[in-house]
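J.: I'd like to go over a predicted model; first the sequence, then the structure.
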Amino acid sequence: MARKIVRSVALILPLLALTGSVGSAKDNVEIRLTGRFFAEPATVQLVVAVEPNSENRRLRVEADGDNMFCATEIQLSGANEQRLHTVEFKNLAAGGYTLRAVVLSTSSVRSQAEQEIMVAGDGTDTGGW
């Protein structure tokens, strides 16, 4: 009996945490990708879903890793903007990354989403001098 209760709590708590951090539906942003593990040099394609809103002006998407950082920005045209945006990061080196999508207005951050990925490699330098 106690095992069932612990198992139920273990399943429910993460759902509650996600529900509490989503924000309101009108300014929601979500990162969608297939897989969490990639091989070096990784090409990671993600879809960012942004709920259209008149205050949305920019979408900033980042891949923030231990030894590498890359980002791109997409201009948004408020309530008239499409909902789905595809972003691709190429040649990611081995390591852990936080993928971050931030929706900005002219004066503030409206909403943000994050997901963790891992790029596996043998640790050898694949390019450079």
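T.: Cool, the structure landed.

J.: residue 76 contacts residue 58, doesn't it?
T.: Yes: contact status for residue 76 versus residue 58: in contact at 6.0 Å, counting by C-beta atoms under 8 Å. For glycine as for every other residue, the C-beta is placed from the backbone atoms N, C-alpha and C.

J.: list residues touching both of the two?
T.: Listed as contacting both residue 76 and residue 58 by C-beta atoms under 8 Å, 6 or more residues apart in numbering are residue 103.

J.: for the two, indicate the residue with more neighbours.
T.: residue 76 (22 against 14; other C-beta atoms under 10 Å).

J.: can I get stretch 90-100 in PDB, CA atoms only?
T.: Only the C-alpha atoms of stretch 90-100 are listed here, as PDB (Å, rounded to 0.1, in the frame of the first residue of the first chain):
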ATOM      1  CA  LYS A  90      24.600  22.600 -36.300                       C
ATOM      2  CA  ASN A  91      28.000  21.100 -35.200                       C
ATOM      3  CA  LEU A  92      27.300  21.100 -31.500                       C
ATOM      4  CA  ALA A  93      30.300  19.700 -29.600                       C
ATOM      5  CA  ALA A  94      30.100  17.000 -26.900                       C
ATOM      6  CA  GLY A  95      28.600  18.000 -23.600                       C
ATOM      7  CA  GLY A  96      25.400  19.000 -21.900                       C
ATOM      8  CA  TYR A  97      23.300  21.800 -23.200                       C
ATOM      9  CA  THR A  98      20.300  23.800 -22.000                       C
ATOM     10  CA  LEU A  99      18.000  24.700 -24.900                       C
ATOM     11  CA  ARG A 100      16.200  27.900 -24.100                       C
END
